[in-house]
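Asker: coordinates only, sequence not included:
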């Protein structure tokens, strides 16, 4: 049936088993059990040694499960651990134990803020809580309240918090009421439920009274949005095409939920319809720009739609959005890759990004690798729509090509005699790749032995480059002139590259023509953080550097960021700067500094201005 398709890589049983689901005593079930056991014993983890110190604690947890205790707090867990007659586990060992038990599926424990204070001993308890909300219509028969909830969710994709509270007060679901907050937080973390963003008059975040449930929407887009006036002239598109035969519906739902957690849903038409539909949604990026997402069986199409013309869509904005969505897609897809086939290489990207033509339906696609062979325009084969290179490359981050001016710093003797600061070194490490830094530090006097040791110890390129440069300056005061000479001697790029290291952009030139320059002096709010985070894209480290945070702060934030989520990482950087650095240095966390850092990482400041002030 599946021969010659990608599905064969997911099949793990060779036996042909036919089960009569209506017969509880069907003998074929024996074959299924045997196959499952054989498959389990063939796994690499089978037969591995198990720490003896874990056994007593595991027995205690089994006793709690037998007593029908589905969830315990970390305080209870520590009490059980400390009260055991045998030597209790240390805090670190306890975390290792919980993560191991989570990995083999015996319990659920997420070592992330707001979730790390509870342990779900019975994973089926969480599944049952999911099913009480996310379910099929046929399971609501005979329960009018649940059916009414299902109707609202299938039409609008929302459920009120009060409705969940009333549902779980029913006798059938009363077991979820005790740990309601943790169960809902888990659903939010797993993108089953999404809290929309709401703000008060002071721009501070307030808690909404409902959740989005993207997986429950059954309504299709009936608004005619894709057929609106001059749509083809107003949009640019990309497609993420799956390397597998199909895209699991759950992946589509999680991507839409991810977007719901960042951007607001667009209301459209005379009746202000919320544009959230089955595997499709439209989000508001700013006052003149929407993002349309359509999830199909084998591809996901993303379109940015401008209110006037696609030529007004700023390249920095489009490229940042594509980076964040690509990162989110690959993060989400790893769950399915890891669990589907032991032969699968989880480091391989699950999606290929292609450029889309502007046709609203059945678009043509252009591989990014073929872009260099295109002349000034691309004429899509099926629709004959002409696309200029400027719009085609909007999704792609391009390298800086600016040349230094005659008054650049590396031609100034006073500058060359100065010793670079730690901030200069961090910026310098971002301008060269690992091989270029290796040549540079050797010419600056670092021994090859020290470089070799660093190369073996540091697996993160950013850390490796910075640590190597920092080692050169620990024992001697190396000047900019010596760096320039080392760059020339090693034939590394161009000496003028050093200028970018110390260039600090100013907003003054930009705000002179602005009718409201004082707006850049307002204090950064929660709403601002939510809006800015997606715009930073992959330049997280550079942004942190421009905010003058030290490298240890980057290590701490990056360590805490266990998920490969660019938006969450960028939010952590902004929160760290506002809550800790600015308070410690008694600096007002104004938008002027954010704008300056945004400009210094090569982003278009007008993108930030439109997003925040229009």
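Answerer: Yes, it's here. No experiment lies behind these values; they were computed from the predicted model shown.
Asker: alpha carbons only for contacts and neighbour counts from here, please
Answerer: OK.
Asker: Just the helices from the stretch 251-400 of the chain, written as ranges.
Answerer: Per DSSP state H, counting those that start in this stretch, the stretch 251-400 of the chain has helices spanning 315-340, 389-392. These are given in chain order.
Asker: Report the mean confidence score over stretch 20-37.
Answerer: In this model, stretch 20-37 has an average pLDDT of 82.
Asker: what does stretch 311-325 give?
Answerer: Per-residue confidence for stretch 311-325 averages out to 83 on the pLDDT scale.
Asker: Same check on stretch 525-541?
Answerer: Averaging pLDDT along stretch 525-541 yields 89.
Asker: and that stretch, how far from the chain's centre?
Answerer: 12 Å (C-alpha atoms, centre = their mean, to the nearest Å).
Asker: which residues sit against that stretch?
Answerer: Stretch 525-541 has contacts (C-alpha atoms under 8 Å, 6 or more residues apart in numbering) with 199, 203-205, 262-263, 316-317, 319-321, 323-324, 543, 554, 566-571, 573-575, 598, 601, 603, 608, 611-612.
Asker: quick revisit: TSV for the helices of the stretch 251-400 of the chain, including distance to residue 234 and mean neighbour count?
Answerer: As requested, the helices of the stretch 251-400 of the chain are exported to TSV (distance: least, C-alpha to C-alpha, whole Å; neighbours: other C-alpha atoms under 10 Å):
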stretch	distance to residue 234	mean neighbour count
helix 315-340	14	19
helix 389-392	11	16
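Asker: Of those helices, which is nearest residue 350?
Answerer: Smallest distance to residue 350 across the helices of the stretch 251-400 of the chain (C-alpha to C-alpha): 6.3 Å, for helix 315-340.
Asker: What helices and strands are in contact with that closest one?
Answerer: Based on contacts counted as 3 or more C-alpha pairs under 8 Å, 6 or more residues apart in numbering; DSSP states H and E, the elements that helix 315-340 packs against are helix 249-260, helix 526-536, helix 566-576.
Asker: what about burial for the contacts of stretch 525-541, which qualify?
Answerer: Neighbour-count burial (16 or more other C-alpha atoms under 10 Å) applied to the contacts of stretch 525-541 gives 262-263, 316-317, 319-321, 323-324, 543, 554, 566-567, 569-571, 573-574, 598, 601, 603, 608, 611-612.
Asker: residue ranges for the helices of the stretch 1-150 of the chain, please.
Answerer: The residue ranges that make up the helices of the stretch 1-150 of the chain, judged by DSSP H, counting those that start in this stretch, are 28-41, 55-66, 74-82, 91-103, 123-133, 144-156.
Asker: Would you mind giving the ones you listed as a markdown table with distance to residue 276 added?
Answerer: Putting those into a markdown table (distance: least, C-alpha to C-alpha, whole Å) gives the following:
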| stretch | distance to residue 276 |
| --- | --- |
| helix 28-41 | 40 |
| helix 55-66 | 40 |
| helix 74-82 | 38 |
| helix 91-103 | 34 |
| helix 123-133 | 18 |
| helix 144-156 | 7 |
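Asker: And those: which comes nearest residue 369?
Answerer: Among the helices of the stretch 1-150 of the chain, if distance is taken as C-alpha to C-alpha, the winner is helix 91-103, at 38.8 Å.
Asker: any idea of the mean pLDDT for the closest one?
Answerer: Averaging pLDDT along helix 91-103 gives 91.
Asker: Indicate which one of the helices of the stretch 1-150 of the chain is closest to residue 418.
Answerer: Proximity of the helices of the stretch 1-150 of the chain to residue 418 was assessed by C-alpha to C-alpha; the nearest stretch is helix 91-103, lying at 45.7 Å.
Asker: which stretches of the stretch 201-350 of the chain have low pLDDT?
Answerer: Counting by pLDDT under 70, the ranges of the stretch 201-350 of the chain that qualify are 201-205, 245, 335-349.
Asker: Can you tell me how far the closest residue to residue 448 other than its chain neighbours is from residue 165?
Answerer: On the basis of C-alpha to C-alpha, 6 or more residues apart in numbering, the spatially nearest residue to residue 448 that is not a chain neighbour turns out to be residue 442, at 6.8 Å. As defined by C-alpha to C-alpha, to the nearest Å, residue 442 lies at a distance of 65 Å from residue 165.
Asker: Settle it for me: which of those two has more neighbours?
Answerer: Under the criterion of other C-alpha atoms under 10 Å, the comparison of residue 442 against residue 165 puts residue 442 first, with 18 against 14.
Asker: What helix or strand is that one located in?
Answerer: Residue 442 is part of helix 434-443 when elements are defined by DSSP states H and E.
Asker: name the helices or strands packed onto that helix?
Answerer: helix 461-474, helix 480-489.
Asker: Could you rerun that using 10 Å?
Answerer: If contacts are counted by 3 or more C-alpha pairs under 10 Å, 6 or more residues apart in numbering; DSSP states H and E, helix 434-443 sits against helix 422-431, helix 448-457, helix 461-474, helix 480-489.
Asker: give me every residue that touches residue 137.
Answerer: Residue 137 sits next to 146, 147, 150, 151, 154 when contact means C-alpha atoms under 10 Å, 6 or more residues apart in numbering.
Asker: By neighbour count, which of those wins?
Answerer: Highest neighbour count within the contacts of residue 137, by other C-alpha under 10 Å: residue 150, with 23 neighbours.
Asker: so what's it up against?
Answerer: By C-alpha under 10 Å, 6+ apart, the contact list for residue 150 reads 133-137, 140, 144, 156-159, 216-217.
Asker: Could you pick out which of the residues you listed are located in strands?
Answerer: Mapping those onto strands (DSSP state E) picks out 158, 159.
Asker: CSV for the contacts of residue 150, including distance to residue 34?
Answerer: Output for the contacts of residue 150, formatted as CSV (distance: C-alpha to C-alpha, whole Å):
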residue, distance to residue 34
133, 35
134, 32
135, 31
136, 32
137, 35
140, 36
144, 43
156, 45
157, 42
158, 43
159, 43
216, 36
217, 39
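Asker: Please name the nearest non-neighbouring residue to residue 439.
Answerer: Beyond its immediate neighbours in the sequence, the residue positioned closest to residue 439 (C-alpha to C-alpha, 6+ apart) is residue 490, lying 6.1 Å away.
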